[in-house]
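*Asks:* My questions concern the predicted model and sequence given below.
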Amino acid sequence: MNKSEVFFDGFWHNNAIFAQLLGMCPLLGVTTSAENGFWMGAATMLVLLGSNLVVSLIRGVIPKNVRIPAYITIIAAFVTIVGMAMNAWMHEMYLVLGLFIPLIVVNCAILGRAEAFASKNSLSDSLVDAIAVGAGFTFALVLLGGVRELFGQGEIFGLSVFGSSYPDMLMFILPPGAFIALGFILAGVNLINRKLKARAEQQAQLVQNEAVEAQS
Amino acid sequence: MKFDREQIQMVMALFVVAAVAAVLLGLTDMLTREPIAQAEKEALHKALTQVLPAHANDAQSDMFKIGKDKQAVSVYPGKTKTGRISGFAWEVIARDGYAGSIRILVGVSPDGNIHAIRVTSHKETPGLGDGIVNNDSWLAAFVDQTIDSRNWKVKKDGGDFDQFTGATITPRAVVKAVSRALQFFNSNRELMLATVNGEKSGGAK
(Lines give C-alpha, C1' and ligand atoms only; values in the text may rest on other atoms or scores of the structure.)
Protein backbone atom coordinates (compact mmCIF):
# COMPACT_ATOMS: atom_id res chain seq x y z
CA MET A 1 0.00 0.00 0.00
CA ASN A 2 1.27 3.48 -0.74
CA LYS A 3 0.94 6.35 1.73
CA SER A 4 -2.27 7.83 0.36
CA GLU A 5 -3.92 4.42 0.41
CA VAL A 6 -2.80 3.96 4.02
CA PHE A 7 -4.26 7.36 4.83
CA PHE A 8 -7.59 6.88 3.08
CA ASP A 9 -7.95 3.42 4.58
CA GLY A 10 -7.40 4.70 8.12
CA PHE A 11 -9.46 7.85 7.66
CA TRP A 12 -12.45 6.47 5.83
CA HIS A 13 -12.67 2.76 4.91
CA ASN A 14 -11.48 1.61 8.33
CA ASN A 15 -12.67 4.67 10.27
CA ALA A 16 -12.61 3.72 13.95
CA ILE A 17 -16.14 5.02 14.48
CA PHE A 18 -17.94 4.74 11.14
CA ALA A 19 -16.57 1.38 10.00
CA GLN A 20 -15.27 -0.41 13.08
CA LEU A 21 -17.56 1.10 15.73
CA LEU A 22 -14.67 1.22 18.20
CA GLY A 23 -14.09 3.79 20.92
CA MET A 24 -17.76 4.20 21.78
CA CYS A 25 -17.01 5.31 25.34
CA PRO A 26 -15.41 8.68 24.53
CA LEU A 27 -17.93 8.96 21.73
CA LEU A 28 -20.84 8.89 24.15
CA GLY A 29 -19.11 10.74 26.93
CA VAL A 30 -17.66 13.85 25.36
CA THR A 31 -19.50 14.54 22.13
CA THR A 32 -22.07 16.84 23.66
CA SER A 33 -20.44 19.67 21.74
CA ALA A 34 -18.25 20.01 18.67
CA GLU A 35 -15.42 21.62 20.62
CA ASN A 36 -15.23 18.82 23.20
CA GLY A 37 -15.24 16.30 20.37
CA PHE A 38 -12.39 18.10 18.65
CA TRP A 39 -10.09 18.20 21.69
CA MET A 40 -10.87 14.62 22.62
CA GLY A 41 -10.00 13.62 19.06
CA ALA A 42 -6.79 15.65 19.17
CA ALA A 43 -5.71 14.03 22.44
CA THR A 44 -6.48 10.60 21.01
CA MET A 45 -4.46 11.37 17.89
CA LEU A 46 -1.44 12.38 19.98
CA VAL A 47 -1.61 9.11 21.89
CA LEU A 48 -2.00 7.19 18.63
CA LEU A 49 1.08 8.89 17.17
CA GLY A 50 3.13 7.98 20.23
CA SER A 51 1.93 4.40 20.50
CA ASN A 52 2.17 3.65 16.77
CA LEU A 53 5.66 5.15 16.72
CA VAL A 54 6.96 3.06 19.61
CA VAL A 55 5.15 -0.14 18.68
CA SER A 56 6.46 0.09 15.12
CA LEU A 57 10.01 0.71 16.40
CA ILE A 58 10.00 -2.31 18.70
CA ARG A 59 8.15 -4.68 16.39
CA GLY A 60 10.06 -7.93 16.21
CA VAL A 61 11.72 -7.28 19.56
CA ILE A 62 8.68 -7.94 21.73
CA PRO A 63 7.89 -11.66 22.12
CA LYS A 64 4.46 -12.51 20.75
CA ASN A 65 3.07 -13.80 24.05
CA VAL A 66 3.53 -10.55 25.95
CA ARG A 67 2.79 -8.07 23.18
CA ILE A 68 -0.63 -7.01 24.49
CA PRO A 69 0.55 -6.05 28.03
CA ALA A 70 3.55 -4.31 26.45
CA TYR A 71 1.32 -2.30 24.08
CA ILE A 72 -1.09 -1.40 26.88
CA THR A 73 1.80 -0.17 29.04
CA ILE A 74 3.05 1.99 26.16
CA ILE A 75 -0.42 3.37 25.48
CA ALA A 76 -1.09 4.05 29.18
CA ALA A 77 2.22 5.91 29.46
CA PHE A 78 1.37 8.16 26.51
CA VAL A 79 -2.16 8.78 27.80
CA THR A 80 -0.80 9.85 31.17
CA ILE A 81 1.74 12.13 29.53
CA VAL A 82 -0.92 13.74 27.34
CA GLY A 83 -3.16 14.15 30.42
CA MET A 84 -0.43 15.83 32.45
CA ALA A 85 0.54 18.08 29.54
CA MET A 86 -3.08 19.10 29.07
CA ASN A 87 -3.41 19.83 32.77
CA ALA A 88 -0.33 22.03 32.61
CA TRP A 89 -0.83 23.94 29.38
CA MET A 90 -4.53 23.66 28.56
CA HIS A 91 -5.90 23.82 32.05
CA GLU A 92 -9.45 24.91 31.18
CA MET A 93 -9.96 22.18 28.60
CA TYR A 94 -8.49 19.68 31.05
CA LEU A 95 -11.18 20.60 33.57
CA VAL A 96 -13.82 19.73 30.97
CA LEU A 97 -12.26 16.60 29.46
CA GLY A 98 -10.11 15.49 32.39
CA LEU A 99 -12.52 12.76 33.34
CA PHE A 100 -12.33 11.13 29.93
CA ILE A 101 -8.61 11.43 29.21
CA PRO A 102 -7.59 8.35 31.27
CA LEU A 103 -10.23 6.38 29.40
CA ILE A 104 -8.23 6.77 26.18
CA VAL A 105 -6.16 3.86 27.52
CA VAL A 106 -9.05 1.49 27.02
CA ASN A 107 -10.07 2.93 23.68
CA CYS A 108 -9.71 -0.25 21.65
CA ALA A 109 -9.23 1.81 18.51
CA ILE A 110 -5.70 2.59 19.73
CA LEU A 111 -4.75 -0.93 20.80
CA GLY A 112 -6.36 -2.09 17.56
CA ARG A 113 -4.02 0.07 15.48
CA ALA A 114 -0.97 -1.04 17.49
CA GLU A 115 -1.90 -4.69 17.06
CA ALA A 116 -3.27 -4.66 13.53
CA PHE A 117 -1.04 -2.09 11.88
CA ALA A 118 1.98 -0.68 13.73
CA SER A 119 3.28 -4.07 14.82
CA LYS A 120 3.45 -5.19 11.20
CA ASN A 121 4.39 -2.09 9.24
CA SER A 122 7.27 0.33 8.78
CA LEU A 123 7.74 3.41 10.94
CA SER A 124 6.66 5.89 8.26
CA ASP A 125 3.57 3.88 7.32
CA SER A 126 2.65 3.58 11.01
CA LEU A 127 2.91 7.33 11.51
CA VAL A 128 0.73 8.00 8.46
CA ASP A 129 -1.73 5.44 9.82
CA ALA A 130 -1.77 7.16 13.23
CA ILE A 131 -2.49 10.54 11.63
CA ALA A 132 -5.17 9.03 9.40
CA VAL A 133 -6.96 7.08 12.13
CA GLY A 134 -6.61 10.01 14.54
CA ALA A 135 -8.00 12.43 11.97
CA GLY A 136 -10.82 10.04 11.13
CA PHE A 137 -11.67 9.64 14.82
CA THR A 138 -11.54 13.42 15.35
CA PHE A 139 -13.70 13.98 12.28
CA ALA A 140 -16.28 11.53 13.61
CA LEU A 141 -16.28 13.08 17.10
CA VAL A 142 -16.61 16.64 15.75
CA LEU A 143 -19.39 15.61 13.36
CA LEU A 144 -21.34 13.83 16.09
CA GLY A 145 -20.59 16.55 18.64
CA GLY A 146 -21.73 19.17 16.13
CA VAL A 147 -24.99 17.36 15.39
CA ARG A 148 -25.75 16.90 19.09
CA GLU A 149 -24.82 20.49 19.93
CA LEU A 150 -26.90 21.81 17.02
CA PHE A 151 -30.07 19.90 17.87
CA GLY A 152 -29.54 19.81 21.60
CA GLN A 153 -28.67 23.44 22.21
CA GLY A 154 -29.06 25.17 18.85
CA GLU A 155 -25.39 26.05 18.70
CA ILE A 156 -22.26 25.07 16.78
CA PHE A 157 -18.88 25.56 18.46
CA GLY A 158 -20.71 27.68 21.04
CA LEU A 159 -22.16 30.04 18.41
CA SER A 160 -25.91 30.32 18.32
CA VAL A 161 -27.46 29.02 15.09
CA PHE A 162 -31.18 28.85 15.75
CA GLY A 163 -31.38 31.91 18.00
CA SER A 164 -32.16 32.11 21.69
CA SER A 165 -35.79 31.06 21.30
CA TYR A 166 -34.68 27.54 20.30
CA PRO A 167 -36.16 25.02 22.73
CA ASP A 168 -33.23 22.82 23.75
CA MET A 169 -33.79 19.21 22.80
CA LEU A 170 -32.51 17.47 25.88
CA MET A 171 -32.51 14.05 24.27
CA PHE A 172 -29.57 14.92 22.03
CA ILE A 173 -27.44 15.95 24.99
CA LEU A 174 -28.16 12.71 26.83
CA PRO A 175 -26.39 9.47 25.80
CA PRO A 176 -29.35 8.05 23.84
CA GLY A 177 -29.08 11.10 21.59
CA ALA A 178 -25.52 10.06 20.76
CA PHE A 179 -26.73 6.63 19.61
CA ILE A 180 -29.60 8.08 17.59
CA ALA A 181 -27.44 10.72 15.94
CA LEU A 182 -24.73 8.13 15.29
CA GLY A 183 -27.32 5.86 13.64
CA PHE A 184 -28.29 8.58 11.18
CA ILE A 185 -24.64 9.45 10.51
CA LEU A 186 -23.84 5.78 9.84
CA ALA A 187 -26.76 5.62 7.42
CA GLY A 188 -25.30 8.65 5.64
CA VAL A 189 -21.85 7.08 5.55
CA ASN A 190 -23.24 3.88 4.07
CA LEU A 191 -25.11 5.90 1.45
CA ILE A 192 -21.87 7.66 0.46
CA ASN A 193 -20.02 4.36 0.35
CA ARG A 194 -22.67 2.87 -1.91
CA LYS A 195 -22.50 5.87 -4.26
CA LEU A 196 -18.69 5.59 -4.32
CA LYS A 197 -18.90 1.90 -5.11
CA ALA A 198 -21.49 2.40 -7.84
CA ARG A 199 -19.35 5.09 -9.44
CA ALA A 200 -16.24 2.91 -9.26
CA GLU A 201 -18.13 0.06 -10.93
CA GLN A 202 -19.47 2.38 -13.58
CA GLN A 203 -16.00 3.60 -14.34
CA ALA A 204 -14.62 0.07 -14.45
CA GLN A 205 -17.41 -0.80 -16.87
CA LEU A 206 -16.55 2.24 -19.01
CA VAL A 207 -12.87 1.32 -19.14
CA GLN A 208 -13.81 -2.21 -20.07
CA ASN A 209 -16.12 -1.01 -22.84
CA GLU A 210 -13.41 1.24 -24.24
CA ALA A 211 -10.95 -1.61 -24.18
CA VAL A 212 -13.43 -3.80 -26.05
CA GLU A 213 -14.06 -1.07 -28.58
CA ALA A 214 -10.36 -0.50 -29.08
CA GLN A 215 -9.88 -4.18 -29.73
CA SER A 216 -12.59 -4.44 -32.35
CA MET B 1 13.45 -25.01 38.03
CA LYS B 2 15.01 -23.78 34.83
CA PHE B 3 13.70 -21.02 32.62
CA ASP B 4 14.02 -21.36 28.93
CA ARG B 5 15.23 -18.61 26.65
CA GLU B 6 11.74 -17.62 25.58
CA GLN B 7 10.53 -17.03 29.12
CA ILE B 8 13.51 -14.88 29.98
CA GLN B 9 12.93 -12.87 26.81
CA MET B 10 9.31 -12.27 27.77
CA VAL B 11 10.19 -11.08 31.25
CA MET B 12 13.00 -8.87 29.96
CA ALA B 13 10.81 -7.32 27.28
CA LEU B 14 8.06 -6.39 29.72
CA PHE B 15 10.60 -5.18 32.26
CA VAL B 16 12.27 -2.87 29.77
CA VAL B 17 8.97 -1.50 28.46
CA ALA B 18 7.70 -0.83 32.00
CA ALA B 19 11.00 0.72 33.10
CA VAL B 20 11.18 3.07 30.12
CA ALA B 21 7.54 4.05 30.63
CA ALA B 22 8.20 4.75 34.33
CA VAL B 23 11.20 6.96 33.52
CA LEU B 24 9.23 8.87 30.90
CA LEU B 25 6.34 9.44 33.30
CA GLY B 26 8.72 10.65 35.99
CA LEU B 27 10.28 13.10 33.58
CA THR B 28 6.89 14.37 32.44
CA ASP B 29 5.83 14.84 36.04
CA MET B 30 8.95 16.89 36.75
CA LEU B 31 8.36 18.98 33.65
CA THR B 32 4.66 19.61 34.25
CA ARG B 33 4.55 20.02 38.02
CA GLU B 34 5.46 23.71 37.93
CA PRO B 35 3.15 24.64 35.03
CA ILE B 36 0.25 22.72 36.62
CA ALA B 37 0.70 24.56 39.92
CA GLN B 38 0.95 27.80 37.96
CA ALA B 39 -2.18 27.02 35.92
CA GLU B 40 -4.11 26.18 39.09
CA LYS B 41 -2.97 29.40 40.72
CA GLU B 42 -4.02 31.39 37.67
CA ALA B 43 -7.39 29.64 37.55
CA LEU B 44 -7.92 30.47 41.23
CA HIS B 45 -6.85 34.05 40.61
CA LYS B 46 -9.34 34.36 37.76
CA ALA B 47 -12.11 32.87 39.89
CA LEU B 48 -11.23 35.13 42.84
CA THR B 49 -11.34 38.20 40.61
CA GLN B 50 -14.86 37.23 39.66
CA VAL B 51 -16.28 36.38 43.06
CA LEU B 52 -14.58 38.94 45.30
CA PRO B 53 -15.96 42.48 45.42
CA ALA B 54 -13.56 45.05 43.91
CA HIS B 55 -10.21 44.66 45.60
CA ALA B 56 -6.62 45.77 45.11
CA ASN B 57 -4.70 43.16 47.07
CA ASP B 58 -3.40 39.74 46.07
CA ALA B 59 -6.09 37.67 47.79
CA GLN B 60 -4.08 34.46 47.43
CA SER B 61 -1.09 35.71 49.39
CA ASP B 62 -3.38 37.24 52.06
CA MET B 63 -5.14 33.91 52.54
CA PHE B 64 -5.76 32.83 56.13
CA LYS B 65 -7.28 29.73 57.65
CA ILE B 66 -10.34 29.38 59.84
CA GLY B 67 -10.74 26.24 61.88
CA LYS B 68 -8.34 23.56 62.86
CA ASP B 69 -6.23 21.04 60.98
CA LYS B 70 -8.02 19.13 58.25
CA GLN B 71 -11.26 21.00 58.61
CA ALA B 72 -9.58 24.37 58.20
CA VAL B 73 -11.14 26.55 55.51
CA SER B 74 -8.87 28.76 53.41
CA VAL B 75 -10.39 32.23 53.30
CA TYR B 76 -9.28 34.76 50.70
CA PRO B 77 -9.90 38.33 51.85
CA GLY B 78 -10.34 41.22 49.44
CA LYS B 79 -8.99 44.62 50.46
CA THR B 80 -9.29 47.99 48.79
CA LYS B 81 -6.35 50.31 48.21
CA THR B 82 -7.02 52.03 51.51
CA GLY B 83 -6.95 48.69 53.32
CA ARG B 84 -10.69 48.49 53.91
CA ILE B 85 -12.10 44.96 53.70
CA SER B 86 -14.15 44.61 50.53
CA GLY B 87 -15.19 41.00 51.03
CA PHE B 88 -14.22 37.39 51.57
CA ALA B 89 -14.11 34.35 49.36
CA TRP B 90 -13.74 30.69 50.25
CA GLU B 91 -14.46 27.34 48.77
CA VAL B 92 -17.25 24.98 49.72
CA ILE B 93 -17.44 21.42 48.49
CA ALA B 94 -20.76 19.81 47.62
CA ARG B 95 -20.42 16.05 47.90
CA ASP B 96 -23.99 15.26 46.93
CA GLY B 97 -23.76 16.18 43.25
CA TYR B 98 -24.58 13.78 40.44
CA ALA B 99 -20.98 12.67 39.95
CA GLY B 100 -18.16 13.34 42.35
CA SER B 101 -17.75 16.47 44.41
CA ILE B 102 -18.44 19.99 43.18
CA ARG B 103 -16.14 22.77 44.40
CA ILE B 104 -17.71 26.19 44.58
CA LEU B 105 -15.96 29.46 45.30
CA VAL B 106 -18.30 31.81 47.14
CA GLY B 107 -17.57 35.52 47.46
CA VAL B 108 -19.45 37.71 49.96
CA SER B 109 -19.35 41.32 51.07
CA PRO B 110 -18.40 42.04 54.70
CA ASP B 111 -22.09 42.14 55.68
CA GLY B 112 -22.87 38.74 54.16
CA ASN B 113 -24.35 39.50 50.72
CA ILE B 114 -23.19 37.15 48.01
CA HIS B 115 -21.13 38.99 45.42
CA ALA B 116 -20.83 36.03 43.08
CA ILE B 117 -20.34 32.29 43.07
CA ARG B 118 -18.26 30.23 40.69
CA VAL B 119 -17.82 26.50 40.29
CA THR B 120 -14.11 25.72 40.21
CA SER B 121 -14.26 21.99 39.58
CA HIS B 122 -16.95 19.39 38.98
CA LYS B 123 -17.62 16.14 37.17
CA GLU B 124 -21.25 16.69 36.29
CA THR B 125 -22.72 15.60 32.96
CA PRO B 126 -21.49 17.84 30.13
CA GLY B 127 -24.37 19.76 28.60
CA LEU B 128 -26.71 19.02 31.50
CA GLY B 129 -25.46 19.53 35.02
CA ASP B 130 -22.63 21.76 33.87
CA GLY B 131 -25.07 24.65 33.58
CA ILE B 132 -23.84 25.48 37.08
CA VAL B 133 -20.63 26.65 35.37
CA ASN B 134 -21.87 28.54 32.34
CA ASN B 135 -25.57 29.33 32.83
CA ASP B 136 -25.17 33.03 33.60
CA SER B 137 -28.80 33.76 34.41
CA TRP B 138 -28.88 30.88 36.88
CA LEU B 139 -25.68 32.08 38.54
CA ALA B 140 -27.06 35.63 38.68
CA ALA B 141 -29.87 34.44 40.95
CA PHE B 142 -27.35 34.12 43.77
CA VAL B 143 -26.03 37.67 43.52
CA ASP B 144 -26.84 39.96 46.48
CA GLN B 145 -28.69 37.24 48.38
CA THR B 146 -28.18 36.54 52.05
CA ILE B 147 -29.00 33.54 54.15
CA ASP B 148 -32.36 35.10 55.09
CA SER B 149 -33.35 36.69 51.77
CA ARG B 150 -34.01 33.42 49.98
CA ASN B 151 -35.42 29.98 50.59
CA TRP B 152 -32.26 27.99 49.87
CA LYS B 153 -33.78 25.13 47.92
CA VAL B 154 -34.50 24.46 44.26
CA LYS B 155 -38.05 25.18 43.10
CA LYS B 156 -38.87 21.50 42.85
CA ASP B 157 -38.24 21.27 46.60
CA GLY B 158 -40.30 24.41 47.25
CA GLY B 159 -37.39 26.85 47.27
CA ASP B 160 -36.39 29.91 45.26
CA PHE B 161 -33.79 28.55 42.82
CA ASP B 162 -34.39 27.09 39.37
CA GLN B 163 -33.35 23.57 38.59
CA PHE B 164 -32.32 22.68 35.02
CA THR B 165 -34.39 20.64 32.64
CA GLY B 166 -33.20 17.11 33.18
CA ALA B 167 -30.82 18.01 35.96
CA THR B 168 -32.13 18.64 39.45
CA ILE B 169 -29.52 16.93 41.56
CA THR B 170 -26.68 19.21 40.51
CA PRO B 171 -28.36 22.59 41.22
CA ARG B 172 -29.82 21.15 44.43
CA ALA B 173 -26.32 20.26 45.64
CA VAL B 174 -24.93 23.67 44.70
CA VAL B 175 -27.76 25.60 46.38
CA LYS B 176 -27.32 23.55 49.52
CA ALA B 177 -23.56 24.08 49.55
CA VAL B 178 -23.89 27.84 49.04
CA SER B 179 -26.37 28.10 51.89
CA ARG B 180 -23.90 26.17 54.02
CA ALA B 181 -21.23 28.67 53.01
CA LEU B 182 -23.43 31.53 54.18
CA GLN B 183 -24.07 29.83 57.52
CA PHE B 184 -20.34 29.38 57.87
CA PHE B 185 -19.88 33.10 57.25
CA ASN B 186 -22.52 34.07 59.80
CA SER B 187 -20.87 32.06 62.52
CA ASN B 188 -17.34 33.15 61.62
CA ARG B 189 -17.86 36.72 60.47
CA GLU B 190 -16.39 38.38 63.55
CA LEU B 191 -13.39 36.07 63.47
CA MET B 192 -12.75 36.78 59.78
CA LEU B 193 -12.98 40.55 60.22
CA ALA B 194 -10.77 40.42 63.28
CA THR B 195 -8.18 38.27 61.54
CA VAL B 196 -7.81 40.65 58.61
CA ASN B 197 -7.90 43.79 60.76
CA GLY B 198 -5.48 42.22 63.22
CA GLU B 199 -3.02 41.47 60.44
CA LYS B 200 -3.24 45.01 59.18
CA SER B 201 -2.13 46.46 62.50
CA GLY B 202 0.54 43.83 62.78
CA GLY B 203 -1.15 42.12 65.72
CA ALA B 204 -1.28 38.43 66.44
CA LYS B 205 -3.91 36.25 64.88
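*Replies:* On my side now, so go ahead. Keep in mind the model is a prediction, meaning the values are calculated, not measured.

*Asks:* Give me the three-state assignment for A:T32.
*Replies:* coil (DSSP: H, G, I helix; E, B strand; the rest coil).

*Asks:* Measure how buried it is and give me the count.
*Replies:* Using other C-beta atoms under 10 Å in any protein chain shown, A:T32 is surrounded by 26 other residues. All C-beta atoms are positioned from the backbone trio N, CA, C, and that covers glycine.

*Asks:* Next: B:S101.
*Replies:* When neighbours are counted by other C-beta under 10 Å, B:S101 registers 15.

*Asks:* now B:E6
*Replies:* B:E6 is flanked by 11 other residues according to other C-beta under 10 Å.

*Asks:* Could you confirm it falls within a helix?
*Replies:* Yes. Counting by three-state DSSP, B:E6 falls inside a helix.

*Asks:* Check the gap between it and chain A for me.
*Replies:* 7 Å (C-beta to the nearest C-beta, to the nearest Å).

*Asks:* Without its sequence neighbours, what residue ends up closest to that residue?
*Replies:* A:P63 (6.6 Å; C-beta to C-beta, 6 or more residues apart in numbering or on different chains).

*Asks:* per-residue confidence for the one you found?
*Replies:* A:P63 carries a pLDDT value of 88.

*Asks:* Give me the phi and psi for the nearest residue to B:K79 once chain neighbours are set aside.
*Replies:* Spatial nearest neighbour of B:K79, excluding adjacent residues (C-beta to C-beta, 6+ apart): B:N57 at 4.3 Å. Main-chain dihedrals, B:N57, degrees, to the nearest 10: phi -90, psi 170.

*Asks:* go on, the one 10 residues further on?
*Replies:* For B:G67, the backbone dihedrals (degrees, to the nearest 10) come out as phi 100, psi 180.

*Asks:* Over to B:I66?
*Replies:* phi -120, psi 130.

*Asks:* what's the pLDDT at it?
*Replies:* 83.

*Asks:* how much space between it and chain A?
*Replies:* From B:I66 across to chain A, the span is 27 Å (C-beta to the nearest C-beta).

*Asks:* Pull up the residues of chain A that are close to chain B.
*Replies:* Chain A comes close to chain B at residues A:29-30, A:32-33, A:36, A:58, A:61-63, A:65-66, A:69-70, A:73-74, A:76-77, A:80-81, A:84-85, A:87-89, A:91-92, A:95-96, A:99, A:148, A:152-153, A:168, A:170, A:173-174, as judged by C-beta under 8 Å from any C-beta of the partner chain.

*Asks:* For B:V175, list the residues it contacts.
*Replies:* The contact partners of B:V175, by C-beta atoms under 8 Å, 6 or more residues apart in numbering or on different chains, come to B:152-154, B:159, B:161.

*Asks:* do you know how far A:I104 is from chain B?
*Replies:* Distance, A:I104 to chain B, by C-beta to the nearest C-beta: 15 Å.

*Asks:* Run a quick neighbour tally on that residue.
*Replies:* Counted by other C-beta under 10 Å, the residues lying close to A:I104 total 26.

*Asks:* what's the answer for A:C108, then?
*Replies:* Look at A:C108: counted by other C-beta under 10 Å, it has 14 neighbours.

*Asks:* ok, the closest residue to it other than its chain neighbours - contacts?
*Replies:* Leaving aside its chain neighbours, A:C108 sits nearest to A:L22 (5.0 Å; criterion: C-beta to C-beta, 6+ apart). Counting by C-beta under 8 Å, 6+ apart, A:L22 makes contact with A:16, A:107-109, A:112.

*Asks:* And B:R103, by the same measure?
*Replies:* If you count contacts by C-beta under 8 Å, 6+ apart, B:R103 has them with B:91-94, B:119-122.

*Asks:* Could you pick out the buried ones from the residues you listed?
*Replies:* Buried members of the contacts of B:R103, counted by 16 or more other C-beta atoms under 10 Å in any protein chain shown: B:91-92, B:94, B:119-122.

*Asks:* Present those residues as a markdown table; the columns should include distance to chain A.
*Replies:* A markdown table is the format used below for these (distance: C-beta to the nearest C-beta, whole Å):
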| residue | distance to chain A |
| --- | --- |
| B:E91 | 15 |
| B:V92 | 18 |
| B:A94 | 16 |
| B:V119 | 10 |
| B:T120 | 8 |
| B:S121 | 6 |
| B:H122 | 8 |
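
*Asks:* For residue 52, give me its contacts.
*Replies:* This is for chain A. Neighbours of A:N52 in contact, by C-beta under 8 Å, 6+ apart: A:113-114, A:117-118, A:126-127, A:129-130.

*Asks:* Wait, chain B was what I had in mind.
*Replies:* B:59, B:76, B:78, B:86-89, B:107, B:115.

*Asks:* where do the strands sit along chain A?
*Replies:* Ranges of strands within chain A are A:155-156, A:159-160, based on DSSP state E.

*Asks:* Each with direction, which strands does the last one pair with?
*Replies:* According to DSSP bridges, strand A:159-160 forms sheet pairs with strand A:155-156 (antiparallel).

*Asks:* follow-up on the earlier one: for the contacts of A:L22, could you give me TSV that also reports distance to B:F185 and pLDDT?
*Replies:* TSV is the format used below for the contacts of A:L22 (distance: C-beta to C-beta, whole Å; pLDDT from 0 to 100):
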residue	distance to B:F185	pLDDT
A:A16	51	82
A:N107	45	83
A:C108	50	82
A:A109	50	84
A:G112	54	87
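
*Asks:* so which of those residues is the most crowded?
*Replies:* A:A16 (27 neighbours).

*Asks:* Quick check: that residue touching A:F117?
*Replies:* No. At 11.8 Å, A:A16 and A:F117 do not qualify as touching, with contact defined as C-beta atoms under 8 Å.

*Asks:* Could I get the contacting residues of the residue nearest the centre of chain A?
*Replies:* Chain A has A:F137 as the residue nearest its centroid, 1.1 Å off, counting by C-alpha atoms, centre = their mean. By C-beta under 8 Å, 6+ apart, A:F137 lies in contact with A:15-17, A:23, A:41, A:44-45, A:48, A:109.
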